[in-house]
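> What would the 3D arrangement of this be:
(chains A and B)
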Amino acid sequence: TQLLEQSPQFLSIQEGENLTVYCNSSSVFSSLQWYRQEPGEGPVLLVTVVTGGEVKKLKRLTFQFGDARKDSSLHITAAQPGDTGLYLCAGAQGYQLIWGAGTKLIIKP
Amino acid sequence: KAGVTQTPRYLIKTRGQQVTLSCSPISGHRSVSWYQQTPGQGLQFLFEYFSETQRNKGNFPGRFSGRQFSNSRSEMNVSTLELGDSALYLCASSLMTALGTDTQYFGPGTRLTVL
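Just a heads-up that it's a prediction; the model follows:
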């Protein structure tokens, strides 16, 4: 059973466009993390959101945690080729992390 | 501070063989998790060790096992390899913050190919 649904699974857009990736669940998480993984490497943590309704910005990336702490979104403004990668969300329940299947993002120059 | 290291980085084995992968966590991290990543299945949790004890286990057959040493280094073993075991095996060490969140720091992975 997939407890954390991530969408879309794949996204290919032109440089300069905006995009949003979603992470949804029926379960409540104490926190939610977003990672980015590039080919041949392990995932790297981008951000952790902890409070319901929290919004965090990391340059052109905006992360939001739902009010009920069941869902999250990642919005990228003016995407660049360097944003290409696999984006993974992970929800924390106790000391366990529940992982989404990932969104493969390709930004074409 | 040195990151998570995994050895070897690449491995080629044949069906029926066994393999041992090694992971050295970030200094001070006591939790080590192992994942299998394949294009079709995504990131699948194998198990987590904390202070030498397996604290959590994913849904994998008994051919997959692991252990953690007193210095927090961890190994995972896969016996009787099958073609479907070909994957990137990732190790992550964890820092428990005061809020109880579990930030995972990943190594570069071991790419296992089973022929």
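> any idea which strand is longest in chain A?
strand A:85-93 (DSSP state E).
> List the buried residues in that strand.
Neighbour counts over strand A:85-93 (16 or more other Cβ atoms under 10 Å in any protein chain shown) mark A:85, A:86, A:87, A:88, A:89, A:90, A:91, A:92 as buried. For every residue, glycine as well, the C-beta is placed using N, CA and C.
> would you put the C-alpha positions of that strand in PDB?
Extracted C-alpha coordinates of strand A:85-93, given in PDB (Å, rounded to 0.1, in the frame of the first residue of the first chain):
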ATOM      1  CA  GLY A  85      16.400  15.300 -11.200                       C
ATOM      2  CA  LEU A  86      14.300  13.000  -9.200                       C
ATOM      3  CA  TYR A  87      12.300  14.700  -6.400                       C
ATOM      4  CA  LEU A  88      11.200  12.600  -3.500                       C
ATOM      5  CA  CYS A  89       9.000  13.400  -0.600                       C
ATOM      6  CA  ALA A  90       9.100  11.500   2.700                       C
ATOM      7  CA  GLY A  91       6.800  11.800   5.700                       C
ATOM      8  CA  ALA A  92       7.900  11.100   9.200                       C
ATOM      9  CA  GLN A  93       5.900   8.900  11.500                       C
END
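> what mean pLDDT does the next helix or strand after that strand have?
Remark: after strand A:85-93, the chain's next helix or strand is strand A:96-99, criterion DSSP states H and E. Across strand A:96-99, pLDDT averages out at 84.
> Could you confirm whether strand A:96-99 reaches chain B?
Yes: interface with chain B: strand A:96-99 contributes A:96, A:97, A:99 (Cβ under 8 Å from any Cβ of the partner chain).
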